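[1] Fold the following.
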Amino acid sequence: MIMPSARIQQEMYSSEAGVWFIPTTDGASVLIKAPISSLKALSVGCSFEVGIGVLENKVCVAGIIHDAPDTPLIVSRPQAHAEEHQALIEVLSRGDVNFFLFNEMDHCVGWSPGSLAPDDSEQASEHLQPITRLYTGSVLEFGESLLDIFNDAMHDNSTVAKNPELAAVKIPVKLVDWHPNFLSYVGMGTYQTVQVDHPDEGGMLENSVWAALSSVYPAQLYKSPAVENGEKTRELTDVLALSSQGNILIETKDLAMLASKGSRAHARRVSGVKKQALKGVTQLVGAAKALRRNCKISSSEGKVLNVDLSDKLHCVAIVSELFAENWDEVYEAAVAAMRETGDLFHVIDYRELVAVLKIARGRDGTLQMVLTKRLEHVLRQQTLNVRSRQAPDSSA
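    Next up, the predicted model:
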(Lines give C-alpha, C1' and ligand atoms only; values in the text may rest on other atoms or scores of the structure.)
Protein backbone atom coordinates (compact mmCIF):
# COMPACT_ATOMS: atom_id res chain seq x y z
CA MET A 1 0.00 0.00 0.00
CA ILE A 2 1.15 3.51 -0.83
CA MET A 3 0.66 6.55 1.43
CA PRO A 4 0.90 9.82 -0.54
CA SER A 5 2.27 12.90 1.20
CA ALA A 6 -0.12 15.43 2.72
CA ARG A 7 0.42 17.76 -0.26
CA ILE A 8 -0.33 15.03 -2.80
CA GLN A 9 -3.41 13.95 -0.83
CA GLN A 10 -4.72 17.53 -0.87
CA GLU A 11 -4.06 17.83 -4.61
CA MET A 12 -5.87 14.54 -5.22
CA TYR A 13 -8.80 15.67 -3.08
CA SER A 14 -9.10 18.87 -5.11
CA SER A 15 -8.66 17.21 -8.53
CA GLU A 16 -11.10 15.16 -10.58
CA ALA A 17 -8.23 13.18 -12.08
CA GLY A 18 -4.47 13.30 -12.55
CA VAL A 19 -1.13 11.53 -12.51
CA TRP A 20 1.60 12.05 -9.91
CA PHE A 21 5.23 10.88 -9.89
CA ILE A 22 6.35 10.50 -6.29
CA PRO A 23 9.56 9.44 -4.52
CA THR A 24 9.34 6.22 -2.50
CA THR A 25 11.71 4.23 -0.30
CA ASP A 26 12.54 1.96 -3.24
CA GLY A 27 12.94 4.74 -5.81
CA ALA A 28 9.74 6.17 -7.31
CA SER A 29 6.14 5.24 -8.12
CA VAL A 30 3.27 6.60 -10.20
CA LEU A 31 -0.19 7.47 -8.85
CA ILE A 32 -3.17 7.68 -11.19
CA LYS A 33 -6.55 9.10 -10.22
CA ALA A 34 -9.32 8.48 -12.75
CA PRO A 35 -13.02 7.59 -13.00
CA ILE A 36 -13.74 4.07 -11.82
CA SER A 37 -14.93 2.97 -15.28
CA SER A 38 -11.50 3.78 -16.72
CA LEU A 39 -9.72 2.07 -13.83
CA LYS A 40 -11.77 -1.07 -14.52
CA ALA A 41 -10.56 -1.00 -18.12
CA LEU A 42 -6.96 -0.73 -16.89
CA SER A 43 -7.47 -3.69 -14.57
CA VAL A 44 -8.31 -5.94 -17.51
CA GLY A 45 -5.45 -4.82 -19.72
CA CYS A 46 -6.53 -1.88 -21.87
CA SER A 47 -3.66 0.08 -23.43
CA PHE A 48 -2.03 2.78 -21.32
CA GLU A 49 0.54 5.50 -21.96
CA VAL A 50 2.33 8.13 -19.92
CA GLY A 51 2.61 11.56 -21.53
CA ILE A 52 5.42 14.06 -20.83
CA GLY A 53 5.57 17.58 -22.20
CA VAL A 54 8.06 20.43 -21.72
CA LEU A 55 7.42 23.97 -22.97
CA GLU A 56 10.37 26.24 -22.21
CA ASN A 57 11.03 25.09 -18.64
CA LYS A 58 7.49 24.08 -17.60
CA VAL A 59 6.49 20.40 -17.31
CA CYS A 60 3.10 18.79 -17.92
CA VAL A 61 2.35 15.11 -17.31
CA ALA A 62 -0.53 12.86 -18.35
CA GLY A 63 -1.93 9.37 -18.11
CA ILE A 64 -3.61 8.18 -21.34
CA ILE A 65 -6.11 5.37 -20.76
CA HIS A 66 -7.44 3.70 -23.93
CA ASP A 67 -10.76 2.66 -22.40
CA ALA A 68 -12.44 3.32 -25.77
CA PRO A 69 -10.50 2.57 -28.98
CA ASP A 70 -11.49 5.85 -30.67
CA THR A 71 -11.58 8.20 -27.66
CA PRO A 72 -8.98 7.59 -24.94
CA LEU A 73 -9.26 9.28 -21.57
CA ILE A 74 -6.42 11.75 -20.94
CA VAL A 75 -5.85 12.85 -17.34
CA SER A 76 -3.26 15.61 -17.21
CA ARG A 77 -1.85 18.21 -14.87
CA PRO A 78 1.03 20.70 -14.62
CA GLN A 79 3.97 19.51 -12.54
CA ALA A 80 5.83 22.15 -10.54
CA HIS A 81 7.53 20.52 -7.54
CA ALA A 82 11.20 19.56 -7.43
CA GLU A 83 10.53 16.21 -5.73
CA GLU A 84 8.12 15.26 -8.54
CA HIS A 85 10.64 16.27 -11.22
CA GLN A 86 13.23 14.06 -9.53
CA ALA A 87 10.74 11.20 -9.18
CA LEU A 88 9.83 11.52 -12.87
CA ILE A 89 13.48 11.28 -13.89
CA GLU A 90 13.81 8.23 -11.62
CA VAL A 91 10.77 6.55 -13.19
CA LEU A 92 12.12 7.16 -16.71
CA SER A 93 15.56 5.87 -15.70
CA ARG A 94 14.31 2.71 -13.98
CA GLY A 95 11.68 1.81 -16.57
CA ASP A 96 10.04 -0.70 -14.21
CA VAL A 97 8.02 0.89 -11.39
CA ASN A 98 4.74 0.40 -9.54
CA PHE A 99 1.53 2.14 -10.63
CA PHE A 100 -1.16 2.80 -7.98
CA LEU A 101 -4.74 3.50 -9.05
CA PHE A 102 -7.08 5.80 -7.10
CA ASN A 103 -10.83 6.25 -7.56
CA GLU A 104 -13.03 9.33 -7.24
CA MET A 105 -13.02 9.04 -3.43
CA ASP A 106 -9.20 9.16 -3.46
CA HIS A 107 -9.00 5.54 -2.27
CA CYS A 108 -6.39 3.21 -3.73
CA VAL A 109 -8.29 0.44 -5.54
CA GLY A 110 -5.26 -1.53 -6.69
CA TRP A 111 -1.77 -1.48 -8.11
CA SER A 112 0.38 -3.09 -10.77
CA PRO A 113 4.05 -3.21 -11.72
CA GLY A 114 4.52 -1.39 -15.00
CA SER A 115 7.20 -1.30 -17.69
CA LEU A 116 7.81 1.85 -19.71
CA ALA A 117 9.04 1.63 -23.31
CA PRO A 118 12.81 2.34 -23.03
CA ASP A 119 13.37 4.38 -26.22
CA ASP A 120 10.50 6.78 -25.53
CA SER A 121 11.54 7.04 -21.86
CA GLU A 122 15.05 8.03 -22.93
CA GLN A 123 13.68 10.68 -25.28
CA ALA A 124 11.46 12.13 -22.54
CA SER A 125 14.39 12.15 -20.11
CA GLU A 126 16.47 14.18 -22.57
CA HIS A 127 13.73 16.82 -22.76
CA LEU A 128 13.86 17.20 -18.96
CA GLN A 129 17.62 17.85 -18.75
CA PRO A 130 19.12 19.59 -16.97
CA ILE A 131 16.63 19.09 -14.16
CA THR A 132 17.81 22.26 -12.40
CA ARG A 133 16.26 24.42 -15.16
CA LEU A 134 12.74 22.99 -14.68
CA TYR A 135 10.20 25.35 -13.20
CA THR A 136 9.11 24.95 -9.57
CA GLY A 137 6.53 27.12 -7.86
CA SER A 138 2.87 27.99 -8.27
CA VAL A 139 0.98 26.12 -11.01
CA LEU A 140 -0.98 29.33 -11.58
CA GLU A 141 2.03 30.50 -13.60
CA PHE A 142 1.25 27.84 -16.22
CA GLY A 143 -2.06 29.31 -17.34
CA GLU A 144 -4.77 27.25 -19.04
CA SER A 145 -3.29 27.72 -22.51
CA LEU A 146 -0.17 25.66 -21.73
CA LEU A 147 -2.18 22.68 -20.51
CA ASP A 148 -4.45 23.03 -23.57
CA ILE A 149 -1.41 22.90 -25.88
CA PHE A 150 -0.13 19.83 -24.05
CA ASN A 151 -3.52 18.06 -24.16
CA ASP A 152 -3.79 18.73 -27.91
CA ALA A 153 -0.42 17.05 -28.36
CA MET A 154 -1.56 14.05 -26.30
CA HIS A 155 -4.74 13.72 -28.41
CA ASP A 156 -2.77 13.95 -31.63
CA ASN A 157 -2.00 10.49 -33.07
CA SER A 158 1.25 11.70 -34.58
CA THR A 159 4.41 11.83 -32.49
CA VAL A 160 5.18 15.41 -33.52
CA ALA A 161 3.45 18.11 -31.49
CA LYS A 162 1.57 20.78 -33.49
CA ASN A 163 3.34 23.44 -31.44
CA PRO A 164 7.05 23.21 -32.34
CA GLU A 165 8.07 24.80 -29.03
CA LEU A 166 6.51 21.91 -27.08
CA ALA A 167 8.68 18.82 -26.60
CA ALA A 168 6.09 16.06 -26.05
CA VAL A 169 6.48 12.30 -25.78
CA LYS A 170 3.94 9.51 -25.27
CA ILE A 171 5.43 6.45 -23.58
CA PRO A 172 3.64 3.08 -23.87
CA VAL A 173 3.34 1.31 -20.51
CA LYS A 174 2.73 -2.39 -19.97
CA LEU A 175 0.94 -3.11 -16.68
CA VAL A 176 1.99 -6.67 -16.02
CA ASP A 177 0.40 -8.03 -12.83
CA TRP A 178 -2.80 -6.51 -11.44
CA HIS A 179 -3.32 -6.54 -7.66
CA PRO A 180 -6.81 -5.36 -6.58
CA ASN A 181 -7.47 -3.96 -3.12
CA PHE A 182 -10.52 -5.15 -1.22
CA LEU A 183 -12.04 -2.04 0.35
CA SER A 184 -14.49 -2.40 3.23
CA TYR A 185 -16.74 0.44 4.40
CA VAL A 186 -18.34 -0.02 7.80
CA GLY A 187 -21.63 1.52 8.88
CA MET A 188 -23.83 1.06 11.91
CA GLY A 189 -24.51 -2.67 12.03
CA THR A 190 -23.54 -3.30 8.43
CA TYR A 191 -20.74 -2.89 5.91
CA GLN A 192 -20.16 -2.97 2.15
CA THR A 193 -17.12 -4.05 0.15
CA VAL A 194 -15.76 -2.63 -3.10
CA GLN A 195 -13.41 -4.38 -5.52
CA VAL A 196 -12.69 -2.61 -8.78
CA ASP A 197 -12.41 -5.78 -10.90
CA HIS A 198 -15.32 -7.69 -9.31
CA PRO A 199 -17.55 -9.25 -12.02
CA ASP A 200 -20.70 -7.82 -10.38
CA GLU A 201 -20.02 -4.32 -11.68
CA GLY A 202 -23.53 -3.05 -10.93
CA GLY A 203 -23.34 -4.29 -7.36
CA MET A 204 -19.96 -2.65 -6.89
CA LEU A 205 -21.35 0.73 -8.03
CA GLU A 206 -24.21 0.35 -5.54
CA ASN A 207 -21.69 -0.41 -2.79
CA SER A 208 -19.54 2.55 -3.83
CA VAL A 209 -22.50 4.92 -3.62
CA TRP A 210 -23.42 3.51 -0.20
CA ALA A 211 -19.80 3.96 0.93
CA ALA A 212 -19.72 7.59 -0.25
CA LEU A 213 -22.90 8.41 1.69
CA SER A 214 -22.26 6.32 4.80
CA SER A 215 -20.57 9.08 6.79
CA VAL A 216 -23.37 11.56 5.99
CA TYR A 217 -26.17 9.15 6.93
CA PRO A 218 -24.56 6.80 9.48
CA ALA A 219 -27.84 5.57 10.98
CA GLN A 220 -30.38 5.83 8.15
CA LEU A 221 -28.75 4.64 4.95
CA TYR A 222 -30.31 1.54 3.40
CA LYS A 223 -29.23 -0.62 0.48
CA SER A 224 -32.00 -2.35 -1.50
CA PRO A 225 -34.97 -1.45 0.74
CA ALA A 226 -38.24 -3.25 -0.07
CA VAL A 227 -41.73 -1.89 -0.79
CA GLU A 228 -44.97 -3.80 -0.31
CA ASN A 229 -47.66 -3.24 -2.92
CA GLY A 230 -50.64 -5.40 -2.06
CA GLU A 231 -49.40 -8.96 -1.78
CA LYS A 232 -46.25 -8.26 -3.77
CA THR A 233 -42.89 -7.15 -2.41
CA ARG A 234 -40.17 -5.68 -4.60
CA GLU A 235 -37.06 -3.55 -4.31
CA LEU A 236 -37.94 0.11 -3.83
CA THR A 237 -34.61 1.50 -5.01
CA ASP A 238 -30.89 0.69 -4.88
CA VAL A 239 -29.99 3.09 -2.05
CA LEU A 240 -32.26 5.08 0.27
CA ALA A 241 -31.07 7.84 2.63
CA LEU A 242 -33.55 9.13 5.22
CA SER A 243 -33.21 12.41 7.09
CA SER A 244 -35.21 15.20 8.67
CA GLN A 245 -33.49 17.46 6.09
CA GLY A 246 -34.98 15.47 3.20
CA ASN A 247 -34.85 11.98 1.72
CA ILE A 248 -32.74 10.72 -1.19
CA LEU A 249 -33.67 7.82 -3.48
CA ILE A 250 -30.86 6.52 -5.69
CA GLU A 251 -30.82 4.21 -8.71
CA THR A 252 -27.34 3.19 -9.90
CA LYS A 253 -26.67 2.17 -13.49
CA ASP A 254 -23.23 0.82 -14.32
CA LEU A 255 -22.04 0.22 -17.88
CA ALA A 256 -20.02 -3.01 -17.87
CA MET A 257 -16.35 -2.46 -18.73
CA LEU A 258 -14.64 -5.68 -17.64
CA ALA A 259 -15.99 -7.94 -20.37
CA SER A 260 -15.38 -5.41 -23.17
CA LYS A 261 -11.82 -4.66 -21.99
CA GLY A 262 -12.04 -1.18 -23.47
CA SER A 263 -13.08 -2.40 -26.93
CA ARG A 264 -16.48 -0.66 -26.98
CA ALA A 265 -16.46 2.45 -29.21
CA HIS A 266 -17.25 5.78 -27.54
CA ALA A 267 -20.57 6.28 -29.37
CA ARG A 268 -21.74 2.85 -28.27
CA ARG A 269 -20.77 3.59 -24.66
CA VAL A 270 -22.68 6.88 -24.74
CA SER A 271 -25.74 5.17 -26.20
CA GLY A 272 -25.63 2.51 -23.48
CA VAL A 273 -25.34 5.07 -20.68
CA LYS A 274 -28.28 7.07 -22.06
CA LYS A 275 -30.50 3.98 -22.09
CA GLN A 276 -29.50 3.18 -18.52
CA ALA A 277 -30.15 6.76 -17.37
CA LEU A 278 -33.64 6.71 -18.90
CA LYS A 279 -34.38 3.42 -17.18
CA GLY A 280 -33.12 4.84 -13.87
CA VAL A 281 -35.41 7.88 -14.15
CA THR A 282 -38.41 5.62 -14.88
CA GLN A 283 -37.63 3.42 -11.88
CA LEU A 284 -37.30 6.46 -9.62
CA VAL A 285 -40.71 7.73 -10.71
CA GLY A 286 -42.18 4.42 -9.57
CA ALA A 287 -40.28 4.55 -6.27
CA ALA A 288 -41.38 8.13 -5.54
CA LYS A 289 -45.00 7.27 -6.26
CA ALA A 290 -44.79 4.23 -3.98
CA LEU A 291 -43.57 6.43 -1.12
CA ARG A 292 -46.31 8.98 -1.76
CA ARG A 293 -48.92 6.19 -1.59
CA ASN A 294 -47.63 5.41 1.91
CA CYS A 295 -46.73 1.85 0.94
CA LYS A 296 -44.95 -0.14 3.62
CA ILE A 297 -41.17 0.29 3.28
CA SER A 298 -38.69 -2.07 4.95
CA SER A 299 -34.94 -2.42 5.10
CA SER A 300 -33.34 -5.49 3.55
CA GLU A 301 -33.25 -6.94 7.09
CA GLY A 302 -37.02 -6.48 7.51
CA LYS A 303 -37.05 -3.34 9.67
CA VAL A 304 -40.06 -1.12 8.90
CA LEU A 305 -38.91 2.36 7.85
CA ASN A 306 -40.78 5.56 8.67
CA VAL A 307 -40.38 8.07 5.86
CA ASP A 308 -41.08 11.78 6.43
CA LEU A 309 -42.75 13.02 3.23
CA SER A 310 -43.13 16.66 4.25
CA ASP A 311 -40.34 17.74 1.84
CA LYS A 312 -39.74 16.98 -1.80
CA LEU A 313 -37.76 13.82 -2.49
CA HIS A 314 -34.36 13.97 -4.15
CA CYS A 315 -34.47 11.22 -6.82
CA VAL A 316 -30.97 10.60 -8.16
CA ALA A 317 -30.01 8.39 -11.12
CA ILE A 318 -26.27 7.71 -10.90
CA VAL A 319 -24.61 6.38 -14.06
CA SER A 320 -21.06 5.12 -14.44
CA GLU A 321 -19.93 8.16 -16.42
CA LEU A 322 -21.74 11.21 -17.76
CA PHE A 323 -19.81 12.09 -20.90
CA ALA A 324 -19.78 15.61 -22.37
CA GLU A 325 -22.39 14.74 -24.99
CA ASN A 326 -25.96 15.65 -25.94
CA TRP A 327 -28.23 14.49 -23.10
CA ASP A 328 -31.41 16.27 -24.23
CA GLU A 329 -33.55 13.12 -24.22
CA VAL A 330 -32.51 12.22 -20.68
CA TYR A 331 -32.87 15.84 -19.54
CA GLU A 332 -36.43 16.00 -20.89
CA ALA A 333 -37.24 12.70 -19.17
CA ALA A 334 -36.00 14.06 -15.84
CA VAL A 335 -38.02 17.28 -16.27
CA ALA A 336 -41.13 15.25 -17.15
CA ALA A 337 -40.57 13.11 -14.04
CA MET A 338 -40.48 16.25 -11.88
CA ARG A 339 -43.77 17.45 -13.37
CA GLU A 340 -45.35 14.04 -12.85
CA THR A 341 -44.25 13.51 -9.24
CA GLY A 342 -43.57 16.98 -7.89
CA ASP A 343 -40.19 15.75 -6.63
CA LEU A 344 -36.60 16.68 -7.61
CA PHE A 345 -34.83 14.54 -10.20
CA HIS A 346 -31.07 14.48 -10.81
CA VAL A 347 -28.99 12.53 -13.35
CA ILE A 348 -25.30 12.49 -12.42
CA ASP A 349 -22.33 10.13 -12.42
CA TYR A 350 -20.34 8.80 -9.48
CA ARG A 351 -17.64 11.43 -9.97
CA GLU A 352 -20.23 14.21 -9.59
CA LEU A 353 -21.72 12.57 -6.48
CA VAL A 354 -18.31 12.61 -4.80
CA ALA A 355 -17.73 16.23 -5.88
CA VAL A 356 -21.06 17.30 -4.35
CA LEU A 357 -20.27 15.41 -1.13
CA LYS A 358 -16.88 17.14 -0.88
CA ILE A 359 -18.51 20.55 -1.28
CA ALA A 360 -21.07 19.61 1.40
CA ARG A 361 -18.24 18.61 3.80
CA GLY A 362 -20.24 15.60 4.97
CA ARG A 363 -23.14 17.71 6.27
CA ASP A 364 -26.62 16.43 5.49
CA GLY A 365 -28.35 19.81 5.29
CA THR A 366 -25.58 21.25 3.12
CA LEU A 367 -25.77 18.25 0.79
CA GLN A 368 -29.50 18.85 0.27
CA MET A 369 -28.80 22.53 -0.43
CA VAL A 370 -26.00 21.80 -2.91
CA LEU A 371 -28.17 19.27 -4.78
CA THR A 372 -30.99 21.81 -5.00
CA LYS A 373 -28.72 24.64 -6.16
CA ARG A 374 -27.11 22.35 -8.70
CA LEU A 375 -30.53 21.31 -10.06
CA GLU A 376 -31.54 24.95 -10.38
CA HIS A 377 -28.47 25.52 -12.55
CA VAL A 378 -29.27 22.43 -14.65
CA LEU A 379 -32.79 23.70 -15.27
CA ARG A 380 -31.59 27.22 -16.01
CA GLN A 381 -29.03 25.98 -18.56
CA GLN A 382 -31.33 23.17 -19.81
CA THR A 383 -28.52 20.64 -19.86
CA LEU A 384 -27.19 17.77 -17.76
CA ASN A 385 -23.62 18.81 -18.62
CA VAL A 386 -22.97 20.49 -15.27
CA ARG A 387 -19.90 19.83 -13.10
CA SER A 388 -19.58 20.94 -9.49
CA ARG A 389 -16.32 22.45 -8.29
CA GLN A 390 -14.97 23.26 -4.85
CA ALA A 391 -14.07 26.85 -4.13
CA PRO A 392 -10.29 27.52 -4.41
CA ASP A 393 -10.25 28.33 -0.69
CA SER A 394 -10.64 24.94 1.00
CA SER A 395 -12.50 26.56 3.87
CA ALA A 396 -15.17 27.93 1.54
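[2] Bridged to the closest residue to residue 79 other than its chain neighbours, which residues?
    Taking CB to CB, 6 or more residues apart in numbering as the measure, residue 79 lies nearest to residue 59, with 4.5 Å between them; neighbours along the chain are not counted. The C-beta positions use only the backbone N, C-alpha and C, and glycine is treated the same way. Taking DSSP bridges as the rule, residue 59 bridges to residue 54, residue 79.
[3] Would you mind measuring from residue 59 to residue 52?
    Summarising the geometry, the distance separating residue 59 from residue 52, computed by CB to CB, to the nearest Å, is 7 Å.
[4] what sits in contact with each of these two?
    88, 128 (CB atoms under 8 Å, 6 or more residues apart in numbering).
[5] show me where pLDDT drops low in this structure?
    1, 157-163, 391-396 (pLDDT under 70).
[6] Can you show me the helices along it?
    In the chain, the segments counted as helices under DSSP state H are 6-14, 36-43, 82-94, 118-127, 143-155, 201-213, 266-292, 328-341, 350-360, 364-381.
[7] Adding mean neighbour count and distance to residue 220, write the ones you listed out as a markdown table.
    Converted to a markdown table, the helices of the chain look like this (neighbours: other CB atoms under 10 Å; distance: least, CB to CB, whole Å):
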| stretch | mean neighbour count | distance to residue 220 |
| --- | --- | --- |
| helix 6-14 | 14 | 26 |
| helix 36-43 | 26 | 26 |
| helix 82-94 | 19 | 43 |
| helix 118-127 | 16 | 52 |
| helix 143-155 | 16 | 43 |
| helix 201-213 | 22 | 10 |
| helix 266-292 | 19 | 14 |
| helix 328-341 | 17 | 22 |
| helix 350-360 | 21 | 16 |
| helix 364-381 | 16 | 10 |
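[8] Figure out which of those is closest to residue 301.
    Residue 301 lies closest, by CB to CB, to one member of those: helix 201-213, at 14.5 Å.
[9] Show residues contacting the closest one.
    36, 40, 103, 105, 183, 185, 187, 192-196, 198, 221, 223-224, 238-239, 241, 248, 250, 252-254, 256-258, 318, 320, 350, 353-354, 357.
[10] same check, this time on stretch 370-387
    Residues external to stretch 370-387 that are found in contact with it (CB under 8 Å, 6+ apart): 16, 248, 314, 316, 322, 324-325, 327-328, 330-331, 334-335, 344-348, 352, 355-356, 359-360, 388.
[11] Stretch 215-232 now?
    So stretch 215-232 is in contact with 187-188, 190, 192, 206-207, 210, 213-214, 233-243, 287, 290, 295-300, 305, 357, 360, 362-364, 367, going by CB under 8 Å, 6+ apart.
[12] what about it, distance to the chain center?
    Counting by CA atoms, centre = their mean, to the nearest Å, stretch 215-232 is centred 26 Å from the centre of its parent chain.
[13] Flag every buried residue along that stretch.
    For stretch 215-232, the neighbour count (16 or more other CB atoms under 10 Å) marks 216, 217, 220, 221, 222, 223, 225, 226, 227 as buried.
[14] Kindly check the end-to-end length of it for me.
    Its first and final residues considered, stretch 215-232 spans 33 Å by CA to CA, to the nearest Å.
[15] do the same with stretch 63-83
    Start and end residues of stretch 63-83 are separated by 19 Å (CA to CA).
[16] Name the residues of it that come out as buried.
    63-68, 72-81.
[17] can you list the domains in this protein?
    Domain assignment of the chain by automatic domain parsing yields the ranges 6-179, 183-381.
[18] Could you report the distance from residue 154 to residue 387?
    Applying CB to CB, one obtains 21 Å for the distance of residue 154 from residue 387.
[19] cool, residue 75 as well?
    The separation that residue 75 has from residue 387, given CB to CB, amounts to 15 Å.
[20] try residue 379
    Residue 379 sits at a distance of 16 Å from residue 387 (criterion: CB to CB).
[21] Equivalent analysis for residue 178, please.
    Using CB to CB, residue 178 is found at 30 Å from residue 387.
[22] Among those two, which residue is more densely surrounded?
    residue 178 (17 against 13; other CB atoms under 10 Å).
[23] okay, now the residue nearest to that one when sequence neighbours are not counted: neighbour count?
    Closest residue to residue 178 apart from its sequence neighbours, by CB to CB, 6+ apart: residue 112 at 4.9 Å. Here the number of neighbours of residue 112 (other CB under 10 Å) works out to 20.
[24] Run through the bridge partners of residue 112.
    The residues paired with residue 112 through beta bridges, assigned by DSSP bridges, are residue 99.
[25] from memory it sits against residue 98, does it?
    Yes. Under the contact definition of CB atoms under 8 Å, residue 112 touches residue 98, with a separation of 7.3 Å.
[26] one step back: out of the contacts of stretch 215-232, list just those in strands.
    In strands, judged by DSSP state E, the following of those are found: 192, 233, 234, 235, 239, 240, 241, 296, 297, 298.
[27] and those, which are buried?
    Restricting the ones in strands among the contacts of stretch 215-232 to buried positions leaves 192, 239, 240, 241, 297, 298, with burial counted as 16+ other CB under 10 Å.
[28] Would you convert the residues you listed into CSV that also reports distance to residue 86?
    CSV is the format used below for those (distance: CB to CB, whole Å):
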residue, distance to residue 86
192, 40
239, 44
240, 49
241, 45
297, 57
298, 58
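[29] Need the max-distance pair from those.
    192 and 297 (20.1 Å).
[30] if I look at residue 259, how far off is residue 41?
    In this structure, residue 259 and residue 41 are 11 Å apart, going by CB to CB.
[31] do residue 169 as well
    Applying CB to CB, one obtains 23 Å for the distance of residue 169 from residue 41.
[32] quick one on the thing from earlier: and the ones in strands among the contacts of stretch 215-232, which is closest to residue 29?
    Top of the list for closeness to residue 29, among the ones in strands among the contacts of stretch 215-232 and by CB to CB, is residue 192 at 28.4 Å.
[33] so the closest one bridges to which residues?
    With DSSP bridges as the criterion, residue 192 is bridged to residue 185.
[34] All set, thanks.
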